[in-house]
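K.L.:
I'd like to go over a predicted model; first the sequence, then the structure.
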Amino acid sequence: MRIEETAVPGAYVVTPAQLPDARGTFSEVLRTDLLEQVLGHPFTPRQINHSVSRRGTLRGIHGVAVPPGQTKYVTCVRGAVRDVVVDLRVGSPTFGRHHVTELDPGTGRAVYVPDGVGHGFLALTDDACVCYALSATYVPGTQIDIDPLDPELAIPWGCEGTPLLSPKDANAPGLAAARAAGMLATWQAVAPGHLTDPQGRDTRGRDTWGEGARDHGARGEGTRGDGAGPQGERR
């Protein structure tokens, strides 16, 4: 299993080893012990969601206010999606930067999304099913929505035609408006190693669980835009 940090600090692409035989393949989709070695703090899934999307559906950019916060471990279990994480942490050295990864069952790749980082995806196939393992359960009124087509973010979605968005996503504010409204977490509050647990308690000062090796060259692109809780990640 390779765990590779992306262009967005604290966000990782996880690629499991595939074990094929005459019957098919086997892989370990999630090893919390290995992930926690890299993160330096626990990741305990407390809710698991599925979304199913038709081709051309664009979901996002979504996040959860801090507190309570909600980290995510995202996989595609059917079809294929173009997955994007966006640094929404005000004061982050990579504020506004995004990273793109294509997810599908064949590679088994997953994306870990930390607190303060937005997430979205474009469905590349019909019946694309995405699975979210979440560190906290749904808290009403905590979702943050950002316009996925905001020119300031300049995310290369690669849409063929007009994407299908929910009314909520189509009317979401852009990055600058969300920042001005005080919707976004600060880098100081949620920088890697400065996170909150599912009860909203500060985890700063806890011992790390070892240092995981970080392979470089994760698939996907990290680029910066031009700019300087959901319902349990319900899409």
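P.N.:
That came through fine.

K.L.:
Longest helix in the protein, please.
P.N.:
Criterion DSSP state H: the longest helix present in the chain is helix 32-39.

K.L.:
What pairs with the helix or strand that contains Val77, parallel or antiparallel?
P.N.:
Under the criterion of DSSP states H and E, Val77 resides in strand 72-78. Neighbouring strands of strand 72-78 in its sheet, by DSSP bridges, are strand 110-113 (antiparallel), strand 128-134 (antiparallel).

K.L.:
Would you mind getting the angle between that strand and helix 32-39?
P.N.:
130 degrees (axes from the mean of the first three to the mean of the last three CA atoms, to 10 degrees).

K.L.:
Report the strands that pair with the helix or strand just after strand 72-78, each with its relative direction.
P.N.:
Next along the chain after strand 72-78, taking DSSP H and E as the criterion, comes strand 81-87. Sheet pairing of strand 81-87 (DSSP bridges) gives strand 97-103 (antiparallel), strand 117-123 (antiparallel).

K.L.:
helices or strands up against the longest helix of the chain?
P.N.:
Helix 32-39 is packed against strand 2-5, strand 12-15, with contacts defined by 3 or more CB pairs under 8 Å, 6 or more residues apart in numbering; DSSP states H and E. Yep, even glycine has a C-beta here, placed from its N, CA and C like the rest.

K.L.:
right, so the strands paired with strand 81-87: which one is the most enclosed?
P.N.:
Among these, ranked by average contacts under mean count of other CB atoms under 10 Å, first place goes to strand 117-123 (a mean of 26).

K.L.:
export it as PDB, just CAs?
P.N.:
What follows is strand 117-123, C-alpha atoms only, in PDB (Å, rounded to 0.1, in the frame of the first residue of the first chain):
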ATOM      1  CA  VAL A 117     -10.100  20.800   2.700                       C
ATOM      2  CA  GLY A 118     -12.900  20.800   0.200                       C
ATOM      3  CA  HIS A 119     -13.800  17.700  -1.900                       C
ATOM      4  CA  GLY A 120     -15.700  17.000  -5.100                       C
ATOM      5  CA  PHE A 121     -15.800  14.800  -8.100                       C
ATOM      6  CA  LEU A 122     -17.000  14.500 -11.700                       C
ATOM      7  CA  ALA A 123     -18.600  11.100 -12.600                       C
END
